[in-house]
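Chemist: what shape does this take:
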Amino acid sequence: MIAVVENINKGQRSKSIYKREQSIRRKLAGMSDNAIQIAFTFYVIAIAAKLASVEANNTTDISTEIESFKEIFSIPASEKDKVEEFYRDAIHDSTAAKHYAKQLLNLFPGNKLILEELVDDLLVFADADSPMTSGKVHFLKEIILSLHFNEKYFRGVLRKHLLNIKQNPFELLDVNTDISYVELKKKYRNAVKDWHPDKFSAENIAPELAEIAREQFDLYSKAYEAIKLKRGFSQ
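Modeler: As a prediction, the model looks like this:
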C-alpha cells in the first residue's frame, strides 16, 4: 500500500506548493493510476527544480531548464502545460528535496526499476545546461540515498554517467587515425582542460567527482601517449 504524504509545517512552505501537495494527498487516497502519475510528476519536478538551482545565479535561464526537463523526463501530455508553473513554484519552496524523494519512495516502495530510471534522468538533467559541479554531486547523493540506494550504487552511476572510457584511443580523443601531431596536441589539451586534477584539489570538492576527474585525466593522457606511439610522434 502507498504511504500517504507526511505532514509538513505550512509555515515552512510556499502556499501554492502546500496546496498542491494536499491535493495530491487526497487524490492518492483513491489510489488511481492517474493520481499516482500526477504525484510522481509533481515530486520529480520539485526535485529537478531544486537540483538546477543548487548553483544557479542571476543569469540562469529557467525557461531553458524547463525545456530540458520536458525533453529528459517522461511527462504525460496532460501535465506538460503545468510543468512550468510547478517548476517555478518549487524553486522557492523551502522544503528539502529529500522530502520529495521520500514521497517517491513511498509511491514505488518495491519498484527499483522506476527509481533507477529516475536516477539516470536526474544525472542527465544535472549537466544538461551547465557542467556537473560538487554542489550538484552532493545534492544527487542526498537524493539517491533518500531513495534507499547505497553509496556504492551512487558512485557507480555517477562514474558511468561522467566517465568516457572508450577503449580505442582515437575514439576517446575523437580524432582521425591520420591526425597530425599539432592537431593531436590541441585535441588532447582541450579534452583534459575540464578534468585536470588541480581543478579538483580544493577541500569543498566532492570526493566522488575528484576521483572521476583523476581517472578521466589519466584515460585521456594514456590515449594521447598511445596515439603518439602509433603515429610515430617522438615529441
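Chemist: state the helix or strand in which the nearest residue to L162 once chain neighbours are set aside lies.
Modeler: In space, and not counting its chain neighbours, L162 is closest to I212: 5.2 Å by C-beta to C-beta, 6 or more residues apart in numbering. For glycine as for every other residue, the C-beta is placed from the backbone atoms N, C-alpha and C. Using DSSP states H and E, I212 falls within helix 207-231.
Chemist: who touches that helix?
Modeler: 132-134, 137, 141, 154-155, 158-159, 162-165, 169-170, 172-173, 175, 179, 181, 184, 188, 191-192, 195-197, 199-201, 233-235 (C-beta atoms under 8 Å, 6 or more residues apart in numbering).
Chemist: picking that back up, what's the local residue count around the residue nearest to L162?
Modeler: 21 (other C-beta atoms under 10 Å).
Chemist: repeat for the one 5 residues further on
Modeler: Here the number of neighbours of F217 (other C-beta under 10 Å) works out to 20.
Chemist: look up how far N176 lies from it.
Modeler: Going from F217 to N176 by C-beta to C-beta, to the nearest Å gives 23 Å.
Chemist: would you mind splitting this protein into its domains for me?
Modeler: 10-154, 169-231 (automatic domain parsing).
Chemist: what is the burial count for V44?
Modeler: Using other C-beta under 10 Å, V44 has 23 neighbouring residues.
Chemist: let me see the contact set for S68.
Modeler: 125, 128-129.
Chemist: that one is in what secondary structure piece?
Modeler: Residue-wise, S68 maps onto helix 62-72 under DSSP H and E.
Chemist: pLDDT below threshold where in this structure?
Modeler: 1-32, 57-60, 76, 79, 235 (pLDDT under 70).
Chemist: mind doing that once more with 50?
Modeler: Within the chain, the stretches with pLDDT under 50 are 1-12.
Chemist: check the secondary structure at the residue nearest the centre of it for me.
Modeler: Centroid-nearest residue in the chain, with C-alpha atoms, centre = their mean: L123, separated by 2.5 Å. Reduced to three states with DSSP: H, G, I helix; E, B strand; the rest coil, the structure at L123 is helix.
Chemist: for the nearest residue to it once chain neighbours are set aside, give me phi and psi.
Modeler: In space, L123 comes closest to H161 once its chain neighbours are excluded; the distance is 4.4 Å by C-beta to C-beta, 6+ apart. Per-residue torsions, H161: phi -70, psi -40 (degrees, to the nearest 10).
Chemist: cool, the one 4 residues further on as well?
Modeler: Note on I165: backbone dihedrals following degrees, to the nearest 10 are phi -120, psi 30.
Chemist: tell me who's in contact with it.
Modeler: By C-beta under 8 Å, 6+ apart, the residues touching I165 are 172, 219.
Chemist: what's the separation between it and D218?
Modeler: 11 Å.
Chemist: what's the distance between stretch 202-215 and the middle of its chain?
Modeler: Its chain's C-alpha centre and that of stretch 202-215 lie 16 Å apart, by C-alpha atoms, centre = their mean, to the nearest Å.
Chemist: stretch 168-180 now?
Modeler: 29 Å.
Chemist: and the contacts of it?
Modeler: With contact meaning C-beta under 8 Å, 6+ apart, stretch 168-180 is reached by 164-166, 183-184, 187-188, 191, 219-220, 222-224, 226-227, 230-231.
Chemist: show the end-to-end separation of that stretch, please.
Modeler: By C-alpha to C-alpha, to the nearest Å, the extent of stretch 168-180 from end to end equals 18 Å.
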